[in-house]
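Enquirer: Let me see the structure of the following:
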Amino acid sequence: MKTSVRYLYQNHETLVGESLTLFGWIRNNRAQKAFGFINLNDGTFFETIQVVYDDVLMNFKDIQKLRVGAAVRVEGKIVLTPNRPQPFEIKATSVELIGDSEEDYPIQPKRHSREFLRKHAHLRPRTNLFTAVFRVRSLLTGIIHEFFQARDFINLTSPLITASDAEGAGQMFQVTTLDLNNIEKTDGYIDYTKDFFGKKANLTVSGQLQAEVFAQAFRDVYTFGPTFRAEQSHTMIHVSEPWMVEPEMAFADLSDNMDLAEAMVKFIIEKILVRAPEEMAFLDKFVEKGLRKRLEKVLEKPFARITHKEAIDILLATEKTFENTPDHTNDLATEHEKALVAHFEKPVFVTDWPKDIKAFYMRLNDDKKTVAAVDLLVPGAGELIGGSQREERLDILDRRMKEMNIDPDELWWYRELRKYGSTPHSGYGLGLDRMVMYLTGVENIRDVVPFPRTPKSCDF
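Expert: Okay, here's the model as predicted:
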């Protein structure tokens, strides 16, 4: 019977005495004089399974020499071990080498630094830490789809190549088929009419604008995929290819937006704690002490909701000295976000931001100074969600675009949404990578992305 380690952990009591076949990789091989123990992992379950072999086997001496990292085929039977930490083990009747591992295999059964493991991103999924992190990430992906599908949201596959800049910041990766060694120019400018799309094209920074289009037809929609940011950032929370979850809702204001975001975060936490108990126990023990308790606490109370002005007032009233002085006209620094989360001891929504530091599409408030924007701040990850109520009034949208030097002709289709049945609508973006950081307690985003893309780094 060909089986998996996950299946054996779930059904071992009913399989006693049956002949089983397992495939996997050796995590450790402790060879002794007349017997030995192999810790086998096949990728289906966080825990390894112990395989016991002895000198009755014809190739016993060869098995003793099997190295960490080798791929093997094991035949044997389950033996229950109720008085040991592991409830059962496999008594091997056959161990066959499938793929050898050379002596210089870098992932040995000892603790490695995360910096070291980043240099071996092709092998680090075989370690306990990254087995846990990437299984949580996989589960998270399914849970997010589950959350929105249960609420009848339509999933939109927004384009990765676009001619528009959703953020208006200009930090985009360009896509071209022009010969970079022989660029033709007209009056000093590149002639993009000769490029593949006939105009300048980029990798998208967000699927939001396209989601707004579909929201005006399906009401509730979401995008889920990679985005691209050409920022020269070397922080622990930025990568150049972040994955984003971006819901968009018609007939919805900023309060509706926050309600959905809070429900989503709590749904994710609740499901992860149930579906990844072994991974979360490991992360709680070895990555962040008290991780599970921190996450469970999030489920107990409503998130705090304050305005940007109230946030700055709270920060100015504290006795804490900040490297960056809080300012009513500026963004919040990381130290400010941490202080606010600590002040409320729970996630915090910060709303109504100064219009001059936010995007053109955010709805202008009645005070003409702030916009209906919102950021969700959480412990360990800082800003987890950013969103807003969108500007549905064409005249005000045009004025905001002009203020921010955005060419209205490039977004003619986006403007037309305001001419044909415009509705109040809202949406937000959840950084998937930062959500994984929040769930696992891992502090560096490079350690929750399988193959992180950062400035001067595009390996693997």
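
Enquirer: got the contact list for the lowest-mean-pLDDT helix or strand in the chain?
Expert: The weakest-scoring helix or strand in the chain, judged by mean pLDDT, DSSP states H and E, is strand 185-186 (a mean of 85). With contacts defined as CB atoms under 8 Å, 6 or more residues apart in numbering, strand 185-186 is touched by D191. Yep, even glycine has a C-beta here, placed from its N, CA and C like the rest.

Enquirer: Pull up the pairing partners for it, direction included.
Expert: Note on strand 185-186: by DSSP bridges, its sheet partners are strand 189-190 (antiparallel).

Enquirer: any idea of the mean pLDDT in the partner strand?
Expert: Mean pLDDT, computed over strand 189-190, is 90.

Enquirer: after that strand comes which helix or strand?
Expert: strand 201-203 (DSSP states H and E).

Enquirer: same for that following strand, what does it pack against?
Expert: Strand 201-203 makes packing contacts with strand 161-162, strand 174-175 when contacts are defined by 3 or more CB pairs under 8 Å, 6 or more residues apart in numbering; DSSP states H and E.

Enquirer: which residues of the stretch 301-450 of the chain score low on pLDDT?
Expert: 380 (pLDDT under 70).

Enquirer: ranges for the strands of it?
Expert: All strands of the stretch 301-450 of the chain, identified by DSSP state E, counting those that start in this stretch, fall at 304-307, 348-354, 370-378, 382-389, 425-431.

Enquirer: Could the C-alpha coordinates of the longest one be exported in CSV?
Expert: Provided in CSV are the C-alpha atoms of strand 370-378 (Å, rounded to 0.1, in the frame of the first residue of the first chain):
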residue,chain,number,x,y,z
THR,A,370,-8.5,64.4,4.2
VAL,A,371,-9.6,61.4,2.2
ALA,A,372,-11.6,58.3,3.2
ALA,A,373,-8.6,56.1,3.4
VAL,A,374,-7.8,53.4,5.9
ASP,A,375,-4.8,51.4,7.0
LEU,A,376,-5.0,48.4,9.3
LEU,A,377,-2.0,48.2,11.7
VAL,A,378,-1.2,44.9,13.4
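
Enquirer: picking that back up, which one of the helices and strands packed on strand 201-203 lies closest to H234?
Expert: Closest approach to H234 among the helices and strands packed on strand 201-203 (CB to CB): strand 174-175, 21.6 Å.

Enquirer: And the closest residue to F344 other than its chain neighbours, how close does it get to V348?
Expert: Nearest residue to F344, sequence neighbours excluded (CB to CB, 6 or more residues apart in numbering): A304, at 4.3 Å. From A304 across to V348, the span is 4 Å (CB to CB, to the nearest Å).

Enquirer: Ok, Y189 next?
Expert: To V348, Y189 is 46 Å away according to CB to CB.

Enquirer: the more surrounded of these two?
Expert: A direct count of neighbours by other CB atoms under 10 Å for Y189 and V348 places V348 higher, at 22 against 7.

Enquirer: That one: what's it in contact with?
Expert: Applying CB under 8 Å, 6+ apart to V348 gives the contacts 303-306, 311, 340-341, 376-377.

Enquirer: repeat that with 10 Å
Expert: 303-306, 311, 314, 337, 340-342, 375-379 (CB atoms under 10 Å, 6 or more residues apart in numbering).

Enquirer: And V378, by the same measure?
Expert: 265, 294, 298, 303, 337, 341, 346-348, 384-385, 434-435, 437-438 are the contacts of V378 under CB under 10 Å, 6+ apart.

Enquirer: let's go with 8 Å and repeat that
Expert: So V378 contacts 265, 298, 341, 347, 384, 438 (CB under 8 Å, 6+ apart).

Enquirer: How much space separates it from K194?
Expert: From V378 to K194 the distance is 47 Å (CB to CB).

Enquirer: G36 versus the residue lying farthest from the centre of the chain, what's the distance?
Expert: Of all residues in the chain, V56 has its C-alpha farthest from the mean position, at 48.5 Å, by CA atoms, centre = their mean. Applying CB to CB, the value for V56 to G36 is 12 Å.

Enquirer: do the same with K285
Expert: Distance from K285 to G36, by CB to CB: 28 Å.
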